[in-house]
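Asker: Okay, here's the prediction I keep looking at, along with the sequence it came from:
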Amino acid sequence: MRNVQRGLASRTKIITTIEESGKSQASEIAKKAGLGKACVNYHLKLLDGQKIVSSKKIGRSYTWALTTYGQKRLLA
C-alpha cells in the first residue's frame, strides 16, 4: 500500500507534464517530470490501459498525448 501514493504522484506528474507540453515522447516526459524513463514508461502503459493517454508510433519511438476521455476525467 505504501507504493500507491508514490504511483499516484508519478501519474499526476506525467499527466500534468503532457497537459502542459502537449504531445511528447516518454524520454521528454521523464526529463520534464523529474522521473526515470522506466517509471514513466510503466505508468504510461497503465494510463493507456485506462484510456487516459494514447500513443502514436513515429519511427522507432512513441508520442504520447492525453485523450479526450483523459481530459474530461481531469476536469471532473
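Answerer: Received the coordinates, thanks. Numbering: from 1, shown residues only.

Asker: G36: neighbour count?
Answerer: Residue crowding around G36 was assessed by other CB atoms under 10 Å; the count is 11. (Glycine included, C-beta is placed from N, CA and C.)

Asker: can you check I18 too?
Answerer: I18, neighbours per other CB under 10 Å, totals 23.

Asker: now do the one 10 residues further on
Answerer: Close neighbours of E28, defined as other CB under 10 Å, add up to 17.

Asker: now do G49
Answerer: By the criterion of other CB under 10 Å, G49 has 9 neighbours.

Asker: any idea how far Y42 is from it?
Answerer: G49 sits at a distance of 11 Å from Y42 (criterion: CB to CB, to the nearest Å).

Asker: buried stuff in stretch 6-20?
Answerer: S10, R11, K13, I14, I15, T17, I18 (16 or more other CB atoms under 10 Å).

Asker: which residue sits closest to the third one, ignoring its sequence neighbours?
Answerer: What that stands for is K13. Counting by CB to CB, 6 or more residues apart in numbering, the nearest residue to K13 once its immediate chain neighbours are dropped is A33, at 4.2 Å.

Asker: before we move on, what about the last one?
Answerer: Take I18 and drop its neighbours on the chain: the residue closest to it by CB to CB, 6+ apart is L66, 5.4 Å away.

Asker: So what does that neighbour have for phi and psi?
Answerer: Main-chain torsions, L66, degrees, to the nearest 10: phi -70, psi 140.
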